[in-house]
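# Here is my input; please provide its structure:
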Amino acid sequence: MGKFDKYKIDLKGMQADTCKYEFLLDNLFFANIDGPEIQKGKINVVLTVKKVSHAFELSFQTEGTVKIPCDRCLDEMEQLVATSDKLMVKFGRDYAEEGTNLIVIPEEEGEINVAWFIYEFIVLAIPMKHVHAPGKCNKAMTSKLNKHLRTSSSDEEVDVNEETFEVSEEDNTIDDTDERMDPRWNDLKKILDNN
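Numbering: from 1, shown residues only. Prediction:
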């Protein structure tokens, strides 16, 4: 028996118009799938398969937590995941992915393994920015970040726990004396102004 055999859905042999499947994804699932984004987690997935005309509608209800590295301190953090996704599957001659949510599977096989699709839905549900709650980051890493964020010894310490880093207008302006140092830039500006 393969690692993901229990995620195979036999569409050709479906007796009823609607079938329901439940999966509990644990650390072993994420280790076996060998995806780079998630290594650990505990997720409940409810899959409803419904026959519609000449296709099958697969509805995934996913809920649970995954453990991913914090973007700020790189320590492991828990991220809640809750998502609803749909996938349409139809029979054809060869396997193909048409569009974002239409899969064609060979009719003679008549089954689809949904393990990778479930993993992708979970990954897409994770926010782009994932950081610990304020004050929960690794203190040693936070102090190292603070040390490296200072541009000179006279600068005040920058607090890494802030949600965003702001650049002051003073740091963002170009000094006019630097602009006058190289006359070639002025000549290039004249060319641009003429167009």
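# among the helices and strands of the chain, which has the poorest mean pLDDT?
In the chain, no helix or strand scores lower on mean pLDDT, DSSP states H and E than helix 169-172, which sits at a mean of 45.
# can you list the domains in this protein?
Domains of the chain are assigned by automatic domain parsing as 5-125, 139-194.
# What residues of the longest strand anywhere in the chain count as buried?
Longest strand of the chain, by residue count under DSSP state E: strand 76-92. By neighbour count on 16 or more other C-beta atoms under 10 Å, the buried set for strand 76-92 is 77, 79, 81, 85, 87, 89, 90, 91. Where you see a C-beta, it was placed from the backbone N, CA and C, and this is true even at glycine.
# And the helices in the protein?
Counting by DSSP state H, the chain has helices at residues 27-33, 115-125, 139-149, 169-172, 176-181, 183-194.
# Including pLDDT and distance to residue 145, could the buried residues of strand 76-92 go into a markdown table?
Output for these, formatted as a markdown table (pLDDT from 0 to 100; distance: C-beta to C-beta, whole Å):
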| residue | pLDDT | distance to residue 145 |
| --- | --- | --- |
| 77 | 91 | 16 |
| 79 | 92 | 21 |
| 81 | 94 | 27 |
| 85 | 95 | 36 |
| 87 | 94 | 41 |
| 89 | 94 | 47 |
| 90 | 92 | 51 |
| 91 | 91 | 54 |
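# and these, which two are the farthest apart?
Farthest pair in the buried residues of strand 76-92 (C-beta to C-beta) is 77 and 91. Separation: 42.4 Å.
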